[in-house]
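Enquirer: The amino acid sequence is not available; the structure is as follows:
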Ligand code: 8YV
């Protein structure tokens, strides 16, 4: 029997590419010199799509694939996939939740510690010989025992909170409703009030129309000149221009960011700020987790074409 035609939207690991090639007839869309001509030639035979959280599948791509049945996303975030259009057309969508939760939470906490303890400039101080020549590195900021605000208490927000509890932090969170499992943590629904409470403000919610720029100018100003904004969600959930203005004039103290609007081409204003710690969207980027994400992405595709239930369906 002929293999099902699958559109590969972006590069994947060798392991995933060979895994897909075993089961599918793979069309490497990301290598096409003329993507429009490529879709015009191959679009009608494509029944499956393998894509990543950042590349997704927008309406134009979906419309160019009239026979697509399933889109499998390598990532938990599916904000780059036109979910409404998929629902309307009966296209199934899957993502990779669960397997990356703990790694993203590790990075969020690492960003807090690294920013508060100024580990990047401190390392440069030791490495450059400044320590020997010019003496001790200046004093930095404490993290343990401080107030944390977590915006979005899904799996990743919970995993961040569990780690912060071990740092003796006073934890508050905002979510659609108060959660039983957040025992001992304070529910503060309003993001501005949450930011007002927090020294360290973690953004861990899903990006969608409802959460667009939920971290507004008011939230940023409530966090204030001593506060730190840590974002491991998506650039779109923060009013990035307002954040940059506030970081530049000191209305916001610090930021530690793994995600940006328009990434990987980030706003050059970030590069001039020494109160921002930059991370290249690396929350899930460990060898172990990326392997697990690839396996889950492929397992969903295989389940669909074997007629089994999807493992982690979105729609
Ligand atoms: C990945 C992510 O970096 O899971 C997500 O939503 O943003 C990340 O795990 C991304 O999907 C890979 O492109």
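Expert: It's in. Every value quoted in this text rests on a predicted model; they were computed, and no experiment measured them.

Enquirer: Give me the helices and strands touching the lengthiest strand in the chain, please.
Expert: If you go by DSSP state E, the chain has its longest strand at strand 46-52. When contacts are defined as 3 or more Cβ pairs under 8 Å, 6 or more residues apart in numbering; DSSP states H and E, strand 46-52 sits against strand 4-8, strand 70-74, helix 287-306. Any C-beta I mention is one placed from the backbone N, CA and C, and that applies to glycine too.

Enquirer: can I get the ones you listed in JSON lines with mean neighbour count and distance to the ligand?
Expert: Formatted as JSON lines, those follow (neighbours: other Cβ atoms under 10 Å; distance: least, Cβ to the nearest ligand atom, whole Å):
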{"stretch": "strand 4-8", "mean neighbour count": "22", "distance to the ligand": "13"}
{"stretch": "strand 70-74", "mean neighbour count": "27", "distance to the ligand": "6"}
{"stretch": "helix 287-306", "mean neighbour count": "19", "distance to the ligand": "7"}
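
Enquirer: and of the ones you listed, who's closest to residue 225?
Expert: helix 287-306 (35.4 Å; Cβ to Cβ).

Enquirer: what is the rounded mean pLDDT of that closest one?
Expert: The average pLDDT for helix 287-306 rounds to 98.

Enquirer: what do you get for stretch 207-224?
Expert: pLDDT averaged over stretch 207-224 gives 98.

Enquirer: How about stretch 12-30?
Expert: Mean per-residue pLDDT for stretch 12-30: 98.

Enquirer: what sits up against that stretch?
Expert: For stretch 12-30, contacts defined as Cβ atoms under 8 Å, 6 or more residues apart in numbering pick out 2-11, 35, 38-39, 42, 46, 48, 50, 55, 74, 290-291, 294-295, 297-298, 301-302, 305.

Enquirer: can we see that at 6 Å?
Expert: If you take Cβ atoms under 6 Å, 6 or more residues apart in numbering as the criterion, stretch 12-30 is touched by 3, 4, 5, 6, 7, 8, 9, 10, 42, 294, 298.

Enquirer: which two from those end up farthest apart in space?
Expert: 42 and 294 (23.1 Å).

Enquirer: quick check: angle from the longest strand of the chain to strand 70-74?
Expert: 20 degrees (axes from the mean of the first three to the mean of the last three Cα atoms, to 10 degrees).

Enquirer: if we can go back for a sec, looking at the helices and strands packed on strand 46-52, which is nearest to residue 99?
Expert: If you check each of the helices and strands packed on strand 46-52 against residue 99 by Cβ to Cβ, helix 287-306 wins as the nearest, at 4.0 Å.

Enquirer: what about the helix or strand that the longest strand of the chain is followed by, distance to the chain center?
Expert: Using DSSP states H and E, the helix or strand that follows strand 46-52 in sequence is helix 59-63. Centroid separation between helix 59-63 and its chain, computed with Cα atoms, centre = their mean, to the nearest Å, is 23 Å.
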